[in-house]
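Engineer: okay, predicted coordinates and the sequence, questions at the end:
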Amino acid sequence: MRARHWLAPVVAAGILMVSACTTQAAHLVPVHSGPVITAGPALVGHGGQGWTIQGTANSPGKNTQTQLYSVSCPTTRFCMAAGVSAKNSNGPAVVERWDHGAWTLERLTSPGNAISTGLNTMSVSCASPSDCMAVGQGGDLWEAYAWHWDGSGWSSTGIQAPGGLMAVSCPSPGECVVVGDKNASSDTIGNWFAEQWNGSGWQMLATSPDSASLGLSALSCVSANDCMAVGVAGDLGGKPLAEHWDGQTWTPSNPPMPHGLDQGDLTGVSCSSTVHCVAVGSTQGEGPSPAYAVAWDGTSWHLLPGMPDAADSSISQVSCPQVTRCVAVGYVQTAGGNIDKVAADTWNGTGWTAASLSYPDIDYTELAGVSCVAATFCETAGFYGRSNGPQLSLVEGHR
């Protein structure tokens with residue numbers, strides 16, 4: 001599988017992550033939204049049954065790039081997407097807001113309107129239109145940061161963490177859980193951590209001492225006392241790992257992989273109830289490396305039927321508003337692996353079906369995040385571009 005077009009990719013804790021810059025430390029200071037920029041290039045799309053490319057906002061300026069990695073929609077009239085904007089590998093974390101109108105870009109800034117650079121917003125989660133948390137990392141020391149949205153603006157929560165944050169899930173107002181890596185430059189097993197937000201401050205959660213994790217990349221919480229995190233286990237040669245939080249203890253488990261394959265990881269997870277989670281990921285090895293999905297029934301994991309075009313696709317994230325409805329997104333390689341095209345697969349409770357997406361007539365289009373409020377309402381977030389040009393934000397919705 002060819003590497004994605006992430007901005008300045010770095011390998012951290014055995015997982016491919018992204019960093020717009022690693023030359024300036026992230027500062028945990030109060031922030032406010034920068035100038036709202038609504039300009040975005042028009043895209044010529046192909047096809048799409050129920051899926052429509054939406055006009056997004058991108059940072060102005062030549063060679064400035066904007067990528068979205070995560071999206072969260074608490075209602076059908078409000079969504080928040082998060083990512084990074086970079087120019088010459090020196091970019092600020094960004095969020096884009098949709099309130100049933102146009103998508104608008106807000107750059108998170110420090111006092112005096114100085115743009116906070118060298119940061120990645122890896123994940124965003126909204127419990128309501130007035131309660132969102134965006135998290136990530138950046139800087140030489142791979143510092144953590146977490147910003148809270150109260151309905152009118154963003155402010156730093158002042159999180160103190162031993163490393164960068166990879167994922168956040170906020171199941172209800174005033175409650176969030178985050179997972180991260182203690183040291184992004186190390187391959188030390190058991191090097192992850194978790195913290196919980198109670199509406200006013202953060203508390204470190206005890207992690208499982210016997211965990212073989214090299215890093216957790218996705219998280220989904222039904223409640224503050226019921227979360228599932230997924231990633232990769234290091235002592236097993238690079239195999240998928242899940243960690244379940246029951247309010248007291250994180251318990252590791254090893255989801256199965258497709259027959260004949262023994263290396264891979266999980267990159268996305270979504271839990272629609274306490275006894276139903278779906279996780280997606282990709283395998284590794286020589287030859288075809290298919291994407292695959294597994295399901296949790298409250299006790300154990302089992303493989304789901306194969307995904308369409310699995311051998312040529314990479315699936316990043318999944319969202320399950322119901323037990324019998326999930327949407328998984330990523331990209332599929334075409335033209336001999338030289339072109340990436342957005343991909344989405346839908347689950348109906350018994351099997352997967354490839355969705356007919358709209359996609360720009362351009363070299364590559366990739367989706368990294370998805371959020372479905374109902375069976376008929378989903379938003380996806382990612383980026384598009386040409387091999388020799390800038391990468392710009394991409395949002396596609398289903399109604």
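Structural biologist: Sure, I can see it. Residues are numbered from 1 along each chain as shown.

Engineer: what number of residues lie near Ser130?
Structural biologist: 13 (other C-beta atoms under 10 Å). All C-beta spots, glycine's among them, are computed from the backbone N, C-alpha and C.

Engineer: touching, it and Asp150? I think so.
Structural biologist: Yes. Between Ser130 and Asp150 there is a contact under C-beta atoms under 8 Å: 6.0 Å.

Engineer: which element, helix or strand, includes Cys271?
Structural biologist: According to DSSP states H and E, Cys271 maps onto strand 264-273.

Engineer: can I get that strand in CSV? Just the C-alpha atoms.
Structural biologist: This file holds the C-alpha atoms of strand 264-273, laid out as CSV (Å, rounded to 0.1, in the frame of the first residue of the first chain):
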residue,chain,number,x,y,z
GLY,A,264,-1.8,-5.1,10.7
ASP,A,265,-3.5,-2.5,12.9
LEU,A,266,-6.8,-0.8,13.6
THR,A,267,-7.3,2.9,12.7
GLY,A,268,-10.9,3.5,13.5
VAL,A,269,-13.7,2.4,15.9
SER,A,270,-17.3,3.3,16.6
CYS,A,271,-19.6,2.0,19.4
SER,A,272,-23.3,2.4,19.0
SER,A,273,-24.1,0.6,22.3
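
Engineer: list the pairing partners of the very next helix or strand once past it within its sheet, with orientation.
Structural biologist: Toward the C-terminus, strand 264-273 is succeeded by strand 276-283 as the next helix or strand (DSSP H and E). Paired strands of strand 276-283, with direction, are strand 264-273 (antiparallel), strand 291-296 (antiparallel) (DSSP bridges).

Engineer: redo these as CSV? Include distance to Tyr69 and mean pLDDT.
Structural biologist: Below are those laid out as CSV (distance: least, C-beta to C-beta, whole Å; pLDDT from 0 to 100):
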stretch, distance to Tyr69, mean pLDDT
strand 264-273, 11, 94
strand 291-296, 18, 94
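
Engineer: before we move on, the earlier item: tell me the buried residues in the strand holding Cys271?
Structural biologist: Residues of strand 264-273 classed as buried: Gly264, Asp265, Leu266, Thr267, Gly268, Val269, Ser270, Cys271, Ser272 (neighbour count, 16 or more other C-beta atoms under 10 Å).

Engineer: can you tell me the closest non-neighbouring residue to the fifth one?
Structural biologist: Same thing as Gly268. Closest residue in space to Gly268, ignoring its immediate chain neighbours: Gln317 at 3.6 Å, by C-beta to C-beta, 6 or more residues apart in numbering.

Engineer: make sure the one you found is indeed in a strand.
Structural biologist: Yes. Counting by DSSP: H, G, I helix; E, B strand; the rest coil, Gln317 is part of a strand.

Engineer: quick check: beta-bridge partners of it?
Structural biologist: Under DSSP bridges, the beta-bridge partners of Gln317 are Val329.

Engineer: from what I can see Gln322 touches Ser270, true?
Structural biologist: No. Under the criterion of C-beta under 8 Å, Gln322 makes no contact with Ser270, lying 10.6 Å away.

Engineer: among the strands paired with strand 276-283, which is nearest Gly83?
Structural biologist: Closest approach to Gly83 among the strands paired with strand 276-283 is made by strand 264-273 (15.9 Å; C-beta to C-beta).

Engineer: now do the closest one: distance to the chain's middle.
Structural biologist: 11 Å (C-alpha atoms, centre = their mean, to the nearest Å).

Engineer: so how many other residues sit close to the spatially closest residue to Ala291 that is not a sequence neighbour?
Structural biologist: Spatial nearest neighbour of Ala291, chain neighbours left out: Ile315 (4.1 Å); criterion: C-beta to C-beta, 6+ apart. Residues contacting Ile315 under the criterion other C-beta under 10 Å number 26.
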